[in-house]
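Visitor: Generate a structure from the sequence data that follows.
(chains A, B, C, D, E and F)
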Number of protein chains: 4
Amino acid sequence: MKECVFVITNDNDKSASKRDLRREQLLAIAVERFAKHGYHNTKISDIVADAGVAQGTFYWYFKSKEAIGLEIIRSGRERLLQVIAKGYRSQSGSVSEMVEGSQRLLKDIFQFADENRYFMELLLTGGEDESIRRASKETRIDMEEAFRRNIERATELGMLPGSMNLHMRAALLVSLIEGVIARWLFGPIHPNSDLARLTAEELAAETVRFEFFGLLGI
Amino acid sequence: MKECVFVITNDNDKSASKRDLRREQLLAIAVERFAKHGYHNTKISDIVADAGVAQGTFYWYFKSKEAIGLEIIRSGRERLLQVIAKGYRSQSGSVSEMVEGSQRLLKDIFQFADENRYFMELLLTGGEDESIRRASKETRIDMEEAFRRNIERATELGMLPGSMNLHMRAALLVSLIEGVIARWLFGPIHPNSDLARLTAEELAAETVRFEFFGLLGI
Amino acid sequence: MKECVFVITNDNDKSASKRDLRREQLLAIAVERFAKHGYHNTKISDIVADAGVAQGTFYWYFKSKEAIGLEIIRSGRERLLQVIAKGYRSQSGSVSEMVEGSQRLLKDIFQFADENRYFMELLLTGGEDESIRRASKETRIDMEEAFRRNIERATELGMLPGSMNLHMRAALLVSLIEGVIARWLFGPIHPNSDLARLTAEELAAETVRFEFFGLLGI
Amino acid sequence: MKECVFVITNDNDKSASKRDLRREQLLAIAVERFAKHGYHNTKISDIVADAGVAQGTFYWYFKSKEAIGLEIIRSGRERLLQVIAKGYRSQSGSVSEMVEGSQRLLKDIFQFADENRYFMELLLTGGEDESIRRASKETRIDMEEAFRRNIERATELGMLPGSMNLHMRAALLVSLIEGVIARWLFGPIHPNSDLARLTAEELAAETVRFEFFGLLGI
DNA sequence: AATGAATGAGGATTCATTCAT
DNA sequence: CATGAATGAATCCTCATTCAT
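Guide: You can find the predicted model right below:
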């Protein structure tokens, strides 16, 4: 029987009822197993065994296996988009200020990914069930859209050159972020690479450098 | 019953026997279904129905479902690495020569991806079965390693600054490439984005610009 | 949450306690659902949801699902047999008196069926659970027996010819009654038939005519 | 393992393939168990155990449990309606000819019922699953409709008085037939009644007498 | 080479019933 | 009296794989 380690829902009210706790526990176990072994390779019987409850108990909290999968994506999506929303650019500034701001945002995202690695893994690599696949895609599109708006704003403020397609830039940027997170947290990663040992802060620094200056950059 | 459209294996011998053709056909159907619906959501009965043969016939050509999955990855991997190998840098040159070379390599990779979109989708998003997951990872690590050597060589030749971690650069570069391919060919992609309408050549141009100069670049 | 509409038990004592009311309510909901959807398709959770109480509450009033089924049959049986008992023939009379008496009895039975349609449906079409099936059968045998005695008495009084097997006559008569009730209240009924729109009285008149005179009758 | 006793489908072609035989066998076992124990109390595992095959084999022949239930009704319905269709009145005649014709029809129906008692039981008492319930109802309506047309024709030919509602007559007639069959073959039946021991012919004679002359009849 | 019937372990889901509070 | 969370046996159905023909 496993304790509840990863709290998934946004529980602002202090009095987490016993019911809520059990729900969180099942969610946490499910997201971990889905990420580690895949959705189809995770049996409800595995989840309940981990939680130390009977098979039927699962269905007191979730309508179906698909439902818990969607719930995981939904809840993670909300919190991920919140993190990104906080990093929105609002005012003009120097290049170094912009780089700094970007780095702070990336660090927040990487930290979130680290704290929610199983969700992140599910989001980035999962999607065996059609509906979960779709929900993941939507979340990733939302993320890209958030970055697109951010870049758009910076371009309007004259902080970025307007010569490149906005969508393209956003796509490239999010590719960078997703790829870095995936390699940092759950491979594929070259055995000799020490990328996995970096902190969120260090990772953000490296990434932001590439983001703004490319391979030729400083 | 479906015709064999996507030839997967490297068929050098001219006289493709009837047996080989059937094998190719099954592989082509399988890779498409695996990519479109996922490994677990693809039943052997689906594959054989598409091919217009009986259930048992499948097992005359492949040992098991896992085997056909691995075969798909194996064959795609070989051909993908060949494409990358051809683009290897060997001699020094100007920045614009380097950019040009890179762009040519990217174009080749994108073209390969376009011609093998189902394999690519399986490689980048698949991995429900443990052994296929591993095979995909290894292929992607190989790809990263190839790029790492390329960057290393360019750094030794003084064409790139040595200030950045090699593995990090390779990871960022491959993230870029993988993300762009995924968005170009099979989403997740923003509905308003016209990325999907670009040619391999145009995509390579955009990508290489970001690769070398970042968001601030020309 | 549903109000208690159909009172099922013979409540002679004036002061129906709160407890009795709840019991009646559960019985009423159960008999309706059993009739409409079948015994197996009715979940305890459906019944309690309709009643607006918790799952466990059901078991404070009834030992089990089977028990409530049997209770429904038992209580209905008592009241149905009472109705029939009141119509018993005791004295001789003319043919038209006999027809009149029969018609009155049928009208009473049809009225009872109308007021207890769900019980009637359960009695005539239900019987998925072995013990309920048995209880229903016994009730219907009792009904047949009551009619057999009635016919026997009329035959002894010389009001009916003795040329036909008594059991056969009773069987045919009860078949008629059961079939008519079923079609009148809950089908199977031909869409164009206006049988369902008849009153109990009209239905009794038509039925009694056939009962005594057959297709060739007046 | 049980042999196939009751052939359910209309197999006119001599060469019943092995596949057809297995299908018939499963149908026969299913209809018997559905009739004896009810639809919900019959497990697929019971059926296949009786047939001596593996669980999965069932699903090679039938899509689902519901499907086999519907197939049973569908096939029985066809054959039952054929029997009735053969008894259609076409020409005028004397009363005794009419009675004779009716008796012959009833005998055929009773014989069919005897030879297909499990189907009959399912048709008349079954219907736990919603779709099977509906299919049964439709069949019984068809039967009623067939008799209605028969009565209509006889009335047009002046062989029956026109004073009674057609639908009502048909309903009463079919009630009679259904009730008699039910009591004859599978109760509810009074223990002292010797109805169950009658032959189809005798039963038809008794029933037809009541049909035309009622209780007061000859 | 090919067929297609047969296998059977496995897994999701249901639901009557129990019980601590 | 009432709650509602928990139980777990039961059952339908899936599908990769085998094998006689």
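
Visitor: list the contacts for A:Phe186?
Guide: Contact analysis of A:Phe186 by CB atoms under 8 Å, 6 or more residues apart in numbering or on different chains lists A:Ala35, A:Arg117, A:Glu121, A:Thr125. For every residue, glycine as well, the C-beta is placed using N, CA and C.

Visitor: Just the pLDDT for the last one.
Guide: Confidence per residue is given as pLDDT, and for A:Thr125 that number is 90.

Visitor: Now do the contacts for the residue nearest to it when sequence neighbours are not counted.
Guide: Nearest non-adjacent residue to A:Thr125, counting by CB to CB, 6 or more residues apart in numbering or on different chains: B:Gly127, 6.5 Å away. With contact taken as CB under 8 Å, 6+ apart, B:Gly127 is in contact with A:Gly38, A:Thr125, B:Arg133, B:Ser136, B:Lys137.

Visitor: returning to what we had before: between which two of the contacts of A:Phe186 is the distance greatest?
Guide: A:Arg117 and A:Thr125 (11.5 Å; CB to CB).

Visitor: Ramachandran coordinates for the residue in chain A that chain D sits nearest to?
Guide: Closest approach between chain A and chain D, counting by CB to the nearest CB: A:Ser64, at 19.1 Å. For A:Ser64, the backbone dihedrals (degrees, to the nearest 10) come out as phi -160, psi 180.

Visitor: What of A:Gly214?
Guide: Torsion angles, degrees, to the nearest 10, at A:Gly214: phi 70, psi -170.

Visitor: Spit out the contact partners of it.
Guide: Going by CB under 8 Å, 6+ apart, the list of residues near A:Gly214 reads B:Phe210, B:Glu211, B:Phe212, B:Phe213, B:Gly214, B:Gly217.

Visitor: from these, which ones fall inside helices?
Guide: B:Phe210, B:Glu211, B:Phe212, B:Phe213 (DSSP state H).

Visitor: Might one say that A:Leu172 is in contact with B:Ala182?
Guide: No: assessed by CB atoms under 8 Å, A:Leu172 is found out of contact with B:Ala182, at 11.9 Å.

Visitor: Settle it for me: which of the two has more neighbours?
Guide: Regarding A:Leu172 and B:Ala182, a neighbour count based on other CB atoms under 10 Å in any protein chain shown identifies A:Leu172 as having more, with 27 against 23.

Visitor: got a list of what the more buried one touches?
Guide: If you count contacts by CB under 8 Å, 6+ apart, A:Leu172 has them with B:Leu176, B:Gly179, B:Val180, B:Glu206, B:Thr207, B:Phe210.

Visitor: Please repeat the previous calculation with a cut-off of 6 Å.
Guide: For A:Leu172, the contact set (CB atoms under 6 Å, 6 or more residues apart in numbering or on different chains) comprises B:Phe210.

Visitor: Now do the nearest residue to A:Asn192 once chain neighbours are set aside against A:Pro191, distance only.
Guide: Excluding its sequence neighbours, the residue lying closest to A:Asn192 (CB to CB, 6+ apart) is B:His167, at 7.0 Å. Distance of B:His167 to A:Pro191, computed by CB to CB, to the nearest Å: 10 Å.

Visitor: Of the two, which one has the most company?
Guide: Neighbour count, other CB under 10 Å: between B:His167 and A:Pro191, B:His167 has more, with 19 against 7.

Visitor: what is the orientation angle of whichever strand or helix holds the more buried one with helix A:166-186?
Guide: Using DSSP states H and E, B:His167 sits in helix B:166-186. On the basis of axes from the mean of the first three to the mean of the last three CA atoms, to 10 degrees, helix B:166-186 is oriented at 130 degrees to helix A:166-186.

Visitor: on contacts alone, who are the packing partners of the helix or strand harbouring A:Phe110?
Guide: Using DSSP H and E, A:Phe110 maps to helix A:95-115. Applying 3 or more CB pairs under 6 Å, 6 or more residues apart in numbering or on different chains; DSSP states H and E, we find helix A:95-115 packed against helix A:65-86, helix A:200-213.
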